[in-house]
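A.B. asks: Okay, here's the prediction I keep looking at, along with the sequence it came from:
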Amino acid sequence: ADEPVVVLFSLKKLIEQLPADRFMRIHRSYIIALNHIAEASRTSVKLDNGIVLTVGELYRPAFSEYLESALLSQ
């Protein structure tokens with residue numbers, strides 16, 4: 001569904017429950033499903049539904065590392 005998911009607990013708790021190989025926190029407000037990335041750079045992600053999200057500064061090192069490993073495994 002294209003609807004945002006409203007949860008009554010923190011994203012920190014949510015990301016702990018999600019499989020780390022399929023989801024990643026990229027911003028204090030966003031967790032993304034990695035298989036829905038259409039385009040990505042160090043600072044932004046475009047999802048396959050056209051939504052563009054900013055990668056928060058705090059999350060950039062881990063996201064950059066993920067992008068590099070994804071490119072290497074292709």
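C.D. replies: Happy to help now that I have it.
A.B. asks: pLDDT below threshold where in this protein?
C.D. replies: 1 (pLDDT under 70).
A.B. asks: what about the strands in it?
C.D. replies: Using DSSP state E, the strands of the chain run over residues 23-27, 30-33, 37-40, 44-47, 52-54.
A.B. asks: tell me, what residue is most central in the protein?
C.D. replies: residue 32 (3.3 Å; CA atoms, centre = their mean).
A.B. asks: picking that back up, so of the strands of the chain, which one's packed in deepest?
C.D. replies: strand 23-27 (a mean of 20; mean count of other CB atoms under 10 Å). The way it works is simple: take the backbone N, C-alpha and C, and place the C-beta from them, glycine included.
A.B. asks: chain center to it: distance?
C.D. replies: With CA atoms, centre = their mean, to the nearest Å as the basis, strand 23-27 stands 3 Å off its chain's centre.
A.B. asks: Could you give the bridge partners of the nearest residue to residue 66 once chain neighbours are set aside?
C.D. replies: Closest residue in space to residue 66, ignoring its immediate chain neighbours: residue 24 at 6.2 Å, by CB to CB, 6 or more residues apart in numbering. Counting by DSSP bridges, residue 24 forms beta bridges with residue 32.
A.B. asks: Hmm, residue 24 is touching residue 64, no?
C.D. replies: No: with contact defined as CB atoms under 8 Å, residue 24 does not count as touching residue 64 (11.5 Å).
A.B. asks: hmm, back to that, which of the strands of the chain sits closest to residue 6?
C.D. replies: strand 30-33 (13.2 Å; CB to CB).
A.B. asks: Dump the strands of the chain into a markdown table; add distance to residue 13 as well.
C.D. replies: Listed next are the strands of the chain as a markdown table, based on distance: least, CB to CB, whole Å:
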| stretch | distance to residue 13 |
| --- | --- |
| strand 23-27 | 11 |
| strand 30-33 | 11 |
| strand 37-40 | 23 |
| strand 44-47 | 22 |
| strand 52-54 | 20 |
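A.B. asks: Out of the ones you listed, the one nearest residue 60 is which?
C.D. replies: strand 23-27 (8.5 Å).
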